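Asks: Fold the following and give me the result.
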Amino acid sequence: DILNNKLHAGPCNKLVRLSCFANGINYESGLNFGEDTLVNVRLLAIGISVSYFHKAFYHYERDANPKSASKQTSLDSIVQREQMIASIRNVLPQSEYSKAIDNKLVPIAFTALKSNIYDKNEYLARYDRLANLKWTDYSKSSPLPYRIIIWSSCHLSYGVARLLLAIKELYGRFANLCKI
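Replies: Residues are numbered from 1 along each chain as shown. A predicted model of the protein is given here:
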């Protein structure tokens, strides 16, 4: 459920026994994006039992600070998110979760495309795994425009994806002007 975004990956709705961390599971130094997801996947991979509470025990406001690191797009933030996905792939190699793991790349690929962090060849090399996904494999948790644009970048052409992204951006600006 964490991989499919059905269960929030952050720690605010989980209590984990300290003994569960005795297996060497910890937060990776220097990984500041996706670290909660990675730790939870590692914990679940060792077979801990899980009970879900429908109440958060603490809250933080991610959207309160527009200058927050989680709101910024940089090469470092993209690379860290990619590293988190690679680490999850190491925990769950060639598993039944491969499509779910690949789907975690969709918003990262979208952000990389939108911010123009990579040139065409680097982008296609970094997100070549997404070409293995059929249209029906894309997670419904990613917004439809993301799925269309990322699918286009892998199956049609990078140029078509950039054009669709520009159209989406223009529509968003127009919608804001017209209050659509």
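Asks: mind listing what's buried in the helix or strand containing Leu163?
Replies: Assigned by DSSP states H and E, Leu163 belongs to helix 158-178. Buried residues in helix 158-178, defined by neighbour count with 16 or more other Cβ atoms under 10 Å: 158, 161-162, 164-165, 168. C-beta here means a position set from N, CA and C on the backbone, and glycine is covered the same way.
Asks: Can you read off the pLDDT for Ile78?
Replies: Looking at Ile78, its pLDDT reads 92.
Asks: Quick check: mean pLDDT of the helix holding Leu163?
Replies: 88.
Asks: and if you look at stretch 84-92?
Replies: Mean predicted confidence for stretch 84-92 is 88.
Asks: Alpha carbons of it, in CSV - could you do that?
Replies: Extracted in CSV, the C-alpha atoms of stretch 84-92 (Å, rounded to 0.1, in the frame of the first residue of the first chain):
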residue,chain,number,x,y,z
MET,A,84,15.3,6.3,-3.0
ILE,A,85,13.6,4.3,-5.8
ALA,A,86,16.9,2.5,-6.5
SER,A,87,17.2,1.6,-2.8
ILE,A,88,13.7,0.3,-2.8
ARG,A,89,14.5,-1.8,-5.9
ASN,A,90,17.4,-3.3,-3.9
VAL,A,91,15.1,-4.2,-1.0
LEU,A,92,12.5,-5.7,-3.3
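Asks: Quick one: distance of that stretch to the chain centre.
Replies: Here the centre of stretch 84-92 is set off from its chain's centre by 12 Å, with Cα atoms, centre = their mean, to the nearest Å.
Asks: can you start the count at 378 instead of 1 from here on
Replies: Shifting the count to begin at 378 puts that one at stretch 461-469.
Asks: which outside residues touch that stretch?
Replies: 380, 405, 408, 410-412, 414-415, 418-419, 422, 478, 481-482, 485 (Cβ atoms under 8 Å, 6 or more residues apart in numbering).
Asks: Low-confidence stretches in the protein?
Replies: 378-391, 429-430, 433-443, 445-448, 557 (pLDDT under 70).
Asks: Next, name the residue at the spatial heart of it.
Replies: Taking Cα atoms, centre = their mean, the centroid of the chain lies closest to Lys481, which sits 4.1 Å from it.
Asks: Please report how far that one lies from Asn553.
Replies: Between Lys481 and Asn553 the computed distance is 29 Å (Cβ to Cβ, to the nearest Å).
Asks: what do you get for Ile485?
Replies: The spacing between Ile485 and Asn553, counted by Cβ to Cβ, is 25 Å.
Asks: swap in Leu395?
Replies: From Leu395 across to Asn553, the span is 48 Å (Cβ to Cβ).
Asks: Arg503 too?
Replies: Using Cβ to Cβ, one gets 31 Å for the distance from Arg503 to Asn553.
Asks: which residues of this structure fall in strands?
Replies: Here the chain has no strands by DSSP state E.
Asks: residues touching Ile485, list them.
Replies: 455, 458-459, 462.
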